[in-house]
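1. Turn this into a structure:
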Amino acid sequence: MSLKSLTLLHEKATSYSKYPLSIPVIRQLHEMTFPTEVTFFVGENGSGKSTLLEAIADKAGFNTAGGGVNHMYDVHRSEASLGDYIRLSWLPKHRRGFFLRAESFYNFASYLDQNPNLLISFGGKSLLSESHGESFMRLFKEKFNGKALYLLDEPEAALSPQRQLSLLRLIKDSTEVDGAQYIIATHSPILLGYPGATIYNFDAAPLEAIAYEDTEHYSVTKYFVNHRERILHELFKEEEEEAGQ
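-> Okay, the predicted model is just below:
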């Protein structure tokens, strides 16, 4: 791995009452290490995982709207304000990689369509000419190679369960063969199952690493699969009782 650790620069903070320093897990963060080639950020919406991932992208020099160091379009580019408060430690330092934002992927694909020379490196075919999931997988296959840092924000948003399994295989190949490093914010219990990965739980402050089986994503999914009828019965019963009040 090249990215070794992240440090929050508390000495630069003047107030913890405003976003993003108001997020509990961010406010209590001092240092985060990346001891494995694949790291996952998990937690509820608003827990800070995407905010921190975006800050890493900013400090790495990637476009925070999505892309790498050479993709400097400004449409819906995020301010990445947390990037002003973190320091990244590299060994060795490099700027090769990519930041995928599922929510702004359309803007990135549109940018490529306007730059034919860049589109060639993505297979020469518009990413908008395929389904969302197909275009994601083509992006992964065309660009995720070589020693680089790949930051993925909820890549499962466009991927079927089978495609998520394909992504796991791609990640394994690129880390073992090319020395790639991944940091992924996700809600997917499938992706979280990647063997040997570090999983940081953003629902706990201070931030802590947890086992796959201890994630809420795993336990809720497992319980639902094993007790689907009981869960749905209780869930719908509660809704009916609330509607009758």
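
2. looking only at pLDDT, what's the mean for stretch 148-166?
-> This predicted structure assigns stretch 148-166 an average pLDDT of 93.

3. so where do the strands sit in this protein?
-> 3-8, 31-33, 38-42, 86-90, 97-101, 149-153, 181-185, 198-201, 208-209 (DSSP state E).

4. Including mean neighbour count and distance to Ala55, could those strands go into JSON lines?
-> The way it works is simple: take the backbone N, C-alpha and C, and place the C-beta from them, glycine included. Formatted as JSON lines, the entries for those read as follows, by neighbours: other Cβ atoms under 10 Å; distance: least, Cβ to Cβ, whole Å:
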{"stretch": "strand 3-8", "mean neighbour count": "17", "distance to Ala55": "8"}
{"stretch": "strand 31-33", "mean neighbour count": "15", "distance to Ala55": "11"}
{"stretch": "strand 38-42", "mean neighbour count": "25", "distance to Ala55": "12"}
{"stretch": "strand 86-90", "mean neighbour count": "16", "distance to Ala55": "5"}
{"stretch": "strand 97-101", "mean neighbour count": "25", "distance to Ala55": "11"}
{"stretch": "strand 149-153", "mean neighbour count": "24", "distance to Ala55": "10"}
{"stretch": "strand 181-185", "mean neighbour count": "25", "distance to Ala55": "11"}
{"stretch": "strand 198-201", "mean neighbour count": "21", "distance to Ala55": "14"}
{"stretch": "strand 208-209", "mean neighbour count": "14", "distance to Ala55": "19"}
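
5. among those strands, where is the model least confident on average?
-> For the strands of the chain, the bottom mean pLDDT is recorded on strand 97-101, which sits at a mean of 88.

6. on that earlier part again, using a markdown table, lay out the strands of the chain together with distance to Leu21.
-> Output for these, formatted as a markdown table (distance: least, Cβ to Cβ, whole Å):
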| stretch | distance to Leu21 |
| --- | --- |
| strand 3-8 | 9 |
| strand 31-33 | 15 |
| strand 38-42 | 17 |
| strand 86-90 | 11 |
| strand 97-101 | 22 |
| strand 149-153 | 20 |
| strand 181-185 | 19 |
| strand 198-201 | 18 |
| strand 208-209 | 19 |
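
7. for this structure, what are the low-confidence residue spans?
-> Counting by pLDDT under 70, the chain has low-confidence residues at 1, 69-80, 238-245.

8. still on that earlier bit, the strands of the chain: which one's closest to Phe224?
-> Between Phe224 and these, the tightest spacing by Cβ to Cβ is seen for strand 38-42, at 17.1 Å.

9. Give the partner strands of that closest one in its sheet and their orientations.
-> Sheet pairing for strand 38-42, assigned by DSSP bridges, gives strand 181-185 (parallel), strand 198-201 (parallel).

10. and for the first one, what are the contacting residues?
-> Applying Cβ atoms under 8 Å, 6 or more residues apart in numbering, the external contacts of strand 181-185 come out as 1-3, 34, 37-42, 49-50, 53, 56, 148-155, 171, 175, 191.

11. Next, the angle from that strand to strand 149-153.
-> With axes from the mean of the first three to the mean of the last three Cα atoms, to 10 degrees applied, the angle from strand 181-185 to strand 149-153 works out at 10 degrees.

12. quick one, strand 181-185 and strand 3-8 angle?
-> Orientation of strand 181-185 against strand 3-8 (the same axes, to 10 degrees) gives an angle of 40 degrees.

13. now strand 181-185, how far from the chain's geometric center?
-> Using Cα atoms, centre = their mean, to the nearest Å, the mean C-alpha position of strand 181-185 is found 6 Å from that of the whole chain.
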